[in-house]
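S.K.: No sequence on hand, only this structure:
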């Protein structure tokens, strides 16, 4: 079984981001970049499947600038077999990414695609669902457990009321939630080995997909600075402030 894992290059979650002066987006100048945390979980799950003998090959795919090869190397150091980078300097919307992943899945004859449920920069939580719809494959989203059983995969997914278990026929799409696993750290020998693993560079034009976006960003603003808290003398003072100042009741 060949597993495709999508990974996204995002600003390191421990870095405080800054907004461009013109409000066009986030300033990425000299920003520390990393693999999206949910994508790390997806990579770990695919590697565990390979270690268990369920998967024969793990291919990591990213869409982004040439610098995204660094994040692909990180995934290769964790145990993925090879990488594919679809080069794009533009920030693409979820539908465009889903179209690209569909083309890659068809090209690679993938049996399973694992994605993080969302990225920490845009938080759209859409790509996995769109990919499944485009491919006509079953999907198991928000997975907290996944087990391959022959030509099926059993996914336990987190829902509002608790958990739901679904059995999907392969090929399928799975998106990962936080409780699925704990990603490993790359060892120094594996980091060195990853430098020799192949990364194929593709252009969007090579895949024959239309990435024209129907979305337009009107503006990006930093959240307002939080004001300091105040002490109140009584419950009546608290209720009064909630009514007159915070206006939440």
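M.R.: Perfect, I can see it now. Since this is a predicted model, take the numbers as computed values, not measurements.
S.K.: who touches residue 82 in this structure?
M.R.: 57, 59, 60, 76, 197, 198, 199, 200 (Cβ atoms under 8 Å, 6 or more residues apart in numbering). Yep, even glycine has a C-beta here, placed from its N, CA and C like the rest.
S.K.: what sits against the residue nearest to residue 157 when sequence neighbours are not counted?
M.R.: In this structure, residue 157 finds its nearest non-sequential neighbour in residue 142, 4.6 Å apart by Cβ to Cβ, 6 or more residues apart in numbering. Residues in contact with residue 142 (Cβ under 8 Å, 6+ apart) are 117, 157, 158, 159, 175, 177.
S.K.: Give me the subset of these lying in strands.
M.R.: Among the contacts of residue 142, DSSP state E puts 157, 158, 159, 175 in strands.
S.K.: Distance-wise, check the residue found closest to the last one once you drop the neighbours it is linked to in the chain relative to residue 101.
M.R.: So that's residue 175. Spatial nearest neighbour of residue 175, chain neighbours left out: residue 128 (3.8 Å); criterion: Cβ to Cβ, 6+ apart. Separation of residue 128 from residue 101 (Cβ to Cβ, to the nearest Å) stands at 9 Å.
S.K.: so what sits against both of those two?
M.R.: With Cβ under 8 Å, 6+ apart, residue 128 and residue 101 have common neighbours 113, 115.
S.K.: coming back round to it: tabulate the contacts of residue 142 in a markdown table, adding columns for neighbour count.
M.R.: Output for the contacts of residue 142, formatted as a markdown table (neighbours: other Cβ atoms under 10 Å):
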| residue | neighbour count |
| --- | --- |
| 117 | 25 |
| 157 | 21 |
| 158 | 18 |
| 159 | 9 |
| 175 | 28 |
| 177 | 18 |
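S.K.: Could you save those residues as TSV and add columns showing pLDDT?
M.R.: Listed next are those as TSV, based on pLDDT from 0 to 100:
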residue	pLDDT
117	95
157	95
158	93
159	91
175	97
177	95
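S.K.: would you turn the residues you listed into JSON lines with distance to residue 137?
M.R.: Below are these laid out as JSON lines (distance: Cβ to Cβ, whole Å):
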{"residue": "117", "distance to residue 137": "16"}
{"residue": "157", "distance to residue 137": "16"}
{"residue": "158", "distance to residue 137": "20"}
{"residue": "159", "distance to residue 137": "20"}
{"residue": "175", "distance to residue 137": "12"}
{"residue": "177", "distance to residue 137": "19"}
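S.K.: Parallel or antiparallel, list what pairs with the longest strand along the chain.
M.R.: For the chain, the longest strand by residue count, based on DSSP E, is strand 139-149. Taking DSSP bridges as the criterion, strand 139-149 forms sheet pairs with strand 152-159 (antiparallel), strand 172-176 (parallel).
S.K.: From residue 223, how far off is the most centrally placed residue in the chain?
M.R.: Of all residues in the chain, the one closest to the mean position by Cα atoms, centre = their mean is residue 116, 3.7 Å from it. Separation of residue 116 from residue 223 (Cβ to Cβ): 24 Å.
S.K.: Run through the helices of this structure in chain order.
M.R.: Along the chain, counting by DSSP state H, helices occupy 37-51, 69-78, 94-108, 127-135, 188-194, 204-207, 235-244.
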